[in-house]
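Student: kindly generate the corresponding structure for this input.
(2 chains)
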Amino acid sequence: MIPLSWYLILAAGLFCIGLFVVLTKKSAIGILIGIELMLNAVNINLAAFWHYYTQLNPSQTPLNGMVFLAIVFIVAAAETAVGLALIISAYRRRNTSVAGEMDLLKG
Amino acid sequence: METLIWLLPLPPLLGFLLIVLFTHKNNKVSHTIALTGAGLSFLGSMVIFFRAVTTEGLAENPMTSSINWLPTGVTQWLQIGVQVDPLTAVTLFFVAWTILMIFLYSIGYHNYGAKRGVDDRPGLPPHGALVKEKGGHKSHVPSIEPMYARFFALISLFAFAMYLLVVSNNLLTLYIGWEIMGLCSYLLIGFWYGKDSAKKAAIKAFLTTRVGDVFMLLGLAALYTLTGTLNYQDILANHSVLEILATTISPVFGLSWAGLIGLLLFIGTVGKSAQFPLHIWLPDAMEGPTPVSAMIHAATMVSAGVYLAVRIFPLVSAGWEPGMPLTTTMTIMAFIGSFTALFAALIGVAQNDIKRVLAYSTISQLGYMIAALGVGAYAAAAFHLVTHAFFKALLFLGSGSVIHGVEHGVLHTGEHVDPQDMFNMGGLRKKMPRTFWTFLAGGLALSGFPILTAGFWSKDEILTGAFSGGHWAVFITLAFAALLTAFYTMRQITLVFLGKPRTNSAEHAHETPWTMTVPLMVLSVFAIGAGWFGVPDAFPGLGKILPNWFGEFVGSMLTHGHHEESHSLVPLFTSLVVSLGGLLLGWLVYRNVKAGAADPLEKPLGFFHKWMKNKFYVDEFYEIVLIRPARWLADVFTSQWMDRRFLDGILHGIGKFGLWFGNLVRNYFDVPVVNGVGDDIADGTRKAGSGLRVIQTGQIQQYMVTALLVAIFLGVVLILLAV
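Tutor: Next up, the predicted model:
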């Protein structure tokens, strides 16, 4: 059986990649992609912990880990949809999708 | 009868109010009201006079009535009231007559019925108006006074004050009337207020009489403090009060209280009746219209002064009996009176203005009365007061008529001559016959023309009084003054009426209207006839036929017995000689004065004539001794030194200190501390803001980097702490 730590290392790696993308990408779409990566790294953690919890307690078959996963997916999908819509709308108005140039509120 | 006395002063007052409030726009109604008021008072006065002379023992039991006026806080009230005794009665008689005549005369004098002149302005004498005569010929005639109604309002008030003063039974109401007259004289002397000289004369008259009035008020206050009353009967007819006052010694000069109070009240008379040190206002009072001169110099103001002196005679002479040495106050009165009589007569000799001569003669005649009182000739003083009022009113009105006539000539010919200068007249006898004859009657009465005129009898009595008392200095002074009086009176008559006209204006002089000449004729009757009521019993011949009614009637006022009548004929001959001699001399010296010639006396008298002409430089003396120091005190000392330097200096010093202190506080506290703290807080906030602003980039990625770094840092710290 694959030990838990492998999953956690994978999730941590994925999170760091996502974070790196978020911090470095200029494009707003890139940042959104980074955020998706970070969310899914968390999902991997959730799934891994749920799996190992059910393995250690076979008498119990709770579904709450799955529910959390589903909620995170839904939120991520909704967030991406709204985020993409905002970015497209901003692009139409300002002809750019670079996050650093969206500075209308700057004093 | 008492009610009538109360009502006596009111009609003129009512007239004054009516004219001032309602009718001042209408000349005819105004003078009708004034004349009616004077007429009513006149009628009332005559009723009272005849009632008074027919009452037995009027002096002991005068007609009197009084009311409570002011509660004084002690037990008694301050009472005011009216009283008619012999002195009041005779005063009332001449006051009523002269006032009525002056009112009537004023109508003509102010050219009632004439046109309003084009150039006439209120406050200036009328300049005359141009009228077209038949045939297109234009001529210049006198014009109506612009402030006609105002004049009648003011003389009505004046008449009210005089009546009030005369009928009063106490010194307080007398003083009130006295002061109202002071006000009226100010207003009337300054009637033509547009003239600078009239303005100055009004102020001079007011202030000069004020000096006397202040002393008089002190006397009233002293009298009230000592006796608790100001009523005549309670003080002057009360032996015990007079005796106490005469025997207690006052703190001033060792005089008795009676003497001191008498002296203080007498100083009031000195101011009002223009006696020597305070005589300067009266000649200047000639600036007013002529009826005013008559009003002030004959009927009212100056008479009021002598009336007071006669009234307080019992007080002044308290403790004195005929034949004894005079009291101090009486000596002072005799001295001032006789000195004034001579002094003013000397000045009168050298004056050229027709009214000024009369003014000085008034001062001189008033001096006679005061001197008479000083030597104890009480009835003689009152008698001269009455006769003088008549003939002096007559003379003043006559002189007004002359001036009016000559002014007519001046307007007609267009000459530029002074219509009041006697050297511009001459020969008016034929032009103005009625004025001439009445003026002659007045002039002869003034100079004491023997037997016929009133002035002779009254003057003779005064001389007799001085002679029989043995007061030789007074007698000789008065006799010499009488000589001068006759001399300058004849000088005046000769210069004005006799000879030939010296100017074209005199040539074209006109007789004045009936409203002016009728009063003259009425008054001349009294100027001649009033004397026959006071012929002394000792007079050879006539004395037996005519009783000395006046002496008996007024003399009954005195509580101590009668004079011993002098049977000496010396004073009689003296009056004869000085009167006739003076008249003759005056005629001889002045009968041939040519036009433009100088006064014939100028050469022989030399510098003394110059002194007389300049009134012995009394005005100049006062100017130097009183007015200039007063002005210096006000202007230089008080205004410049005290006020501007000293007081203003203190104030400016306080101001400068405040300024300096304020600057100090501002520079060393407000600006550095208060403003500094406030500014620093604001500056600090702003600097902090602009400093922190740099990190607020709006770049979400930078924030996240920061958050990550902080998280890592915190994580490291937590791990280190855990280890």
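Student: chain A against chain B: which residues are in contact?
Tutor: Within chain A, the positions near chain B by CB under 8 Å from any CB of the partner chain are A:19, A:22-24, A:31, A:99-100, A:103, A:105-107. Yep, even glycine has a C-beta here, placed from its N, CA and C like the rest.
Student: pull the most distant pair out of those residues.
Tutor: A:19 and A:107 (28.9 Å; CB to CB).
Student: more neighbours: those two, which one.
Tutor: Using other CB atoms under 10 Å in any protein chain shown, the more surrounded residue of residue A:19 and residue A:107 is residue A:19, with 18 against 6.
Student: separation between the more buried one and residue A:41?
Tutor: 9 Å (CB to CB, to the nearest Å).
Student: helix or strand for the nearest residue to residue B:168 once chain neighbours are set aside, which one?
Tutor: Leaving aside its sequence neighbours, residue B:168 sits nearest to residue B:174 (CB to CB, 6 or more residues apart in numbering or on different chains; 4.6 Å). For residue B:174, the host element (DSSP states H and E) is helix B:171-189.
Student: and that helix, what other elements does it pack with?
Tutor: strand B:77-84, helix B:148-167, helix B:196-227, helix B:257-272, helix B:290-294, helix B:301-311 (3 or more CB pairs under 8 Å, 6 or more residues apart in numbering or on different chains; DSSP states H and E).
Student: hey, C-alpha coordinates of it in CSV?
Tutor: Extracted as CSV, the C-alpha positions of helix B:171-189 are listed here (Å, rounded to 0.1, in the frame of the first residue of the first chain):
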residue,chain,number,x,y,z
LEU,B,171,-38.2,133.2,47.6
LEU,B,172,-38.3,129.8,45.8
THR,B,173,-41.0,130.6,43.3
LEU,B,174,-39.4,134.0,42.9
TYR,B,175,-36.2,132.2,42.0
ILE,B,176,-38.0,130.0,39.5
GLY,B,177,-39.4,133.0,37.8
TRP,B,178,-36.0,134.6,38.0
GLU,B,179,-34.3,131.8,36.2
ILE,B,180,-37.0,131.5,33.5
MET,B,181,-36.3,135.1,32.8
GLY,B,182,-32.6,134.4,32.6
LEU,B,183,-33.4,131.8,29.9
CYS,B,184,-35.8,134.1,28.0
SER,B,185,-33.3,136.9,28.1
TYR,B,186,-30.7,134.5,26.6
LEU,B,187,-33.1,133.5,23.9
LEU,B,188,-34.3,137.1,23.1
ILE,B,189,-30.9,138.7,23.2
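Student: now do it: distance to the chain's middle.
Tutor: Put simply, helix B:171-189 sits 8 Å off its chain's centre (CA atoms, centre = their mean, to the nearest Å).
Student: pretty sure residue B:521 sits against residue B:434.
Tutor: Yes - in this structure residue B:521 lies within contact range of residue B:434 using CB atoms under 8 Å: 7.0 Å.
Student: still on that earlier bit, buried ones among the residues of chain A next to chain B?
Tutor: Buried members of the residues of chain A next to chain B, scored by 16 or more other CB atoms under 10 Å in any protein chain shown, are A:19, A:22, A:31, A:99.
Student: which residues touch the second one?
Tutor: Spelled out, that is residue A:22. A:31, A:34-35, A:38, B:701, B:704 (CB atoms under 8 Å, 6 or more residues apart in numbering or on different chains).
Student: tell me which element it falls in.
Tutor: For residue A:22, the host element (DSSP H and E) is helix A:4-24.
Student: rounded mean pLDDT for that helix, please.
Tutor: Averaged across helix A:4-24, the pLDDT comes to 92.
Student: what of stretch B:467-485?
Tutor: On average, the pLDDT along stretch B:467-485 is 85.
Student: can you give me the buried ones in it?
Tutor: Quick answer for stretch B:467-485 (16+ other CB under 10 Å): B:467-469, B:471, B:474-475, B:477-485.
Student: narrow those to those in helices?
Tutor: Using DSSP state H, the members of those that fall in helices are B:467-468, B:474-475, B:477-485.
Student: now render the residues you listed as JSON lines, adding distance to residue B:144.
Tutor: Formatted as JSON lines, these follow (distance: CB to CB, whole Å):
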{"residue": "B:467", "distance to residue B:144": "52"}
{"residue": "B:468", "distance to residue B:144": "54"}
{"residue": "B:474", "distance to residue B:144": "49"}
{"residue": "B:475", "distance to residue B:144": "50"}
{"residue": "B:477", "distance to residue B:144": "46"}
{"residue": "B:478", "distance to residue B:144": "44"}
{"residue": "B:479", "distance to residue B:144": "47"}
{"residue": "B:480", "distance to residue B:144": "45"}
{"residue": "B:481", "distance to residue B:144": "41"}
{"residue": "B:482", "distance to residue B:144": "41"}
{"residue": "B:483", "distance to residue B:144": "43"}
{"residue": "B:484", "distance to residue B:144": "39"}
{"residue": "B:485", "distance to residue B:144": "36"}
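Student: could you point out the longest helix of chain A?
Tutor: Per DSSP H, chain A has its longest helix at helix A:64-94.
Student: what helix or strand does the most centrally placed residue in chain A sit in?
Tutor: Chain A has residue A:39 as the residue nearest its centroid, 2.0 Å off, counting by CA atoms, centre = their mean. Element membership for residue A:39, per DSSP H and E: helix A:28-56.
Student: determine the angle, from 0 to 180 degrees, between that helix and helix A:4-24.
Tutor: Between helix A:28-56 and helix A:4-24, the angle comes out at 170 degrees (axes from the mean of the first three to the mean of the last three CA atoms, to 10 degrees).
Student: roughly how far does residue B:556 sit from residue B:303?
Tutor: Residue B:556 is 21 Å from residue B:303, by CB to CB.
Student: list the contacts for residue 72?
Tutor: Here I'm looking at chain A. Residue A:72 touches A:39, A:42-43, A:46, counting by CB under 8 Å, 6+ apart.
Student: chain B is the one I meant
Tutor: Per CB under 8 Å, 6+ apart, neighbours of residue B:72: residue B:78.
Student: ok so, going back, near the residue nearest to residue B:168, how many other residues are there?
Tutor: Residue B:174: 23 neighbours (other CB under 10 Å).
Student: just checking, it touches residue B:312?
Tutor: No - using CB under 8 Å, residue B:174 is not in contact with residue B:312, being 10.1 Å away.
Student: how about residues contacting stretch B:25-42?
Tutor: Contacts for stretch B:25-42 (CB under 8 Å, 6+ apart): B:8-9, B:11-16, B:18-19, B:23-24, B:96-97, B:99-100, B:103-104, B:106-107, B:112, B:144, B:148-149, B:152-153, B:155-156, B:159, B:163.
Student: redo that, cut-off 6 Å
Tutor: Residues outside stretch B:25-42 that contact it (CB atoms under 6 Å, 6 or more residues apart in numbering or on different chains): B:8, B:11-12, B:15, B:18-19, B:23, B:96, B:99-100, B:103, B:107, B:148-149, B:152, B:156, B:159, B:163.
Student: and the buried ones among these, selectable in ChimeraX?
Tutor: The ChimeraX selection below is limited to those of these classed as buried (16+ other CB under 10 Å):
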select /B:8,11,12,15,18,19,23,96,99,100,103,107,148,149,152,156,159,163
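Student: the contacts of stretch B:25-42: which ones sit near chain A?
Tutor: On the criterion CB under 6 Å from any CB of the partner chain, none of the entries of the contacts of stretch B:25-42 sits beside chain A.
Student: count of neighbours near residue B:31?
Tutor: Applying other CB under 10 Å, I find that residue B:31 has 24 neighbouring residues.
Student: the helix holding residue B:174 to strand B:77-84, inter-axis angle?
Tutor: 70 degrees.
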